[in-house]
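> After the sequence you'll find the predicted model.
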Amino acid sequence: MLPGMKISGSEEILAALERGAKFSRVLILRGASSGSTRSLVRLAKESGIDIIEGSENDLKRMSDSSFDTTPPEALGLLGRDPSLSLDQIMELKGSIWLIAGAQYPVNIGYAIRTIEVSGGAAVIVDSELNSDGRKASSRASMKADRFIPVKWMRWQGAIELARRHGYRVVGIEDSGTLEPWDVDLTGACMMIIGGERHGIPEQLLDHCDVVLKIPMGGFLPSYNLQAPLAVVATEVLRQKRSNT
């Protein structure tokens, strides 16, 4: 997450709420009974903040502390609301990712996790996965979809919304002519990554304002989809941090 997107500890979250911080969701340790956690749960319910319960291992994985320490009883999500519609999300002008044509739940899950960790605003997935496949992708993402909006829809609708909200559409494909560090990726950008076999569909590629390529120096002709996504996601984060 971007700095300031997560606050750890019930007392710390309560203090932030008193300062006027806007939380969209809190992850609470299942069975936690400390006074501060009970107060947080009560205040969250009164304020309409979503409450998710998690196991001790879940809180350990999501916190910034080492895995051999006791996790905080609560983690609060700032700056991102997973319940927003795509139209509402685009009004905020954050970085949005479109995964078009991926077929394997593990790849989609890893992509969602990478986008969440790098501070993306939302993920759009155009895939033929059924409900079981979508659940498998959620598991592969470490259930990152609890903390970032993930919308399953056709790419045509996503592009229409992106244009309406003034987004620049950025493809990532072997046919690209520019490298990520040579392009301004801050502001309202929709990044597109294609499927495992065929990449970005040609019709969708025609909608891109710019197409990026990731340098290669080996014998094999391409990366898997996770590698270029991670490269560009990290570059987006680097550029945004440089501008703050």
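That came through, no problem. Numbering: from 1, shown residues only.
> alpha carbons only for contacts and neighbour counts from here, please
Noted.
> Give the rounded mean pLDDT of the longest helix along the chain.
Longest among the helix segments of the chain by residue count, using DSSP state H, is helix 226-242. The average pLDDT within helix 226-242 is 96.
> Mind giving me the packing neighbours of it?
helix 105-117 (3 or more CA pairs under 8 Å, 6 or more residues apart in numbering; DSSP states H and E).
> how about 10 Å then?
Contact here means 3 or more CA pairs under 10 Å, 6 or more residues apart in numbering; DSSP states H and E; on that basis helix 226-242 packs against strand 96-100, helix 105-117, strand 168-172, strand 189-193.
> just so I know, which of those lies nearest residue 241?
helix 105-117 (14.1 Å; CA to CA).
> Who are the contact partners of residue 113?
Going by CA atoms under 10 Å, 6 or more residues apart in numbering, residue 113 touches 107, 120, 123, 137-138, 140-145, 147-148, 230.
> Likewise for residue 84?
Neighbouring residues of residue 84 by CA under 10 Å, 6+ apart: 90, 122, 148-150.
> switch the cut-off to 8 Å
By CA atoms under 8 Å, 6 or more residues apart in numbering, the residues touching residue 84 are residue 149.
> For the residue lying closest to residue 172 once chain neighbours are set aside, give the beta-bridge partners.
Computed as CA to CA, 6 or more residues apart in numbering, the closest residue to residue 172 that is not its neighbour in sequence is residue 212, at 4.7 Å. Listed by DSSP bridges, the beta-bridge partners for residue 212 are residue 172, residue 178.
> show me the contacts for residue 212.
With contact taken as CA under 8 Å, 6+ apart, residue 212 is in contact with 170-180.
> Repeat that for residue 21.
Neighbour list for residue 21: residue 78 [criterion: CA under 8 Å, 6+ apart].
> Quick check: it is in a helix.
No. Counting by DSSP: H, G, I helix; E, B strand; the rest coil, residue 21 falls outside a helix, being coil.
> Can you check my assumption that residue 219 lies in a helix?
No. Assessed with three-state DSSP, residue 219 is coil; it does not lie in a helix.
> how does this protein divide into domains?
As assigned by automatic domain parsing, the chain contains the domains 6-78, 86-242.
> Kindly check the end-to-end length of the first one for me.
To tie it back to what came earlier, the one meant is domain 6-78. Length of domain 6-78, first residue to last, CA to CA, to the nearest Å: 6 Å.
> swap in stretch 113-129?
One end of stretch 113-129 sits 18 Å from the other (CA to CA).
> as a whole number, average confidence for that stretch?
The average of the pLDDT scores along stretch 113-129 is 97.
> Export the host helix or strand of residue 203 to PDB, keeping only CA atoms.
Secondary structure assignment for residue 203, by DSSP states H and E: helix 202-205. Only the C-alpha atoms of helix 202-205 are listed here, as PDB (Å, rounded to 0.1, in the frame of the first residue of the first chain):
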ATOM      1  CA  GLU A 202      -6.000  -6.400 -31.400                       C
ATOM      2  CA  GLN A 203      -9.300  -4.500 -31.200                       C
ATOM      3  CA  LEU A 204      -8.500  -3.400 -27.700                       C
ATOM      4  CA  LEU A 205      -4.900  -2.500 -28.600                       C
END
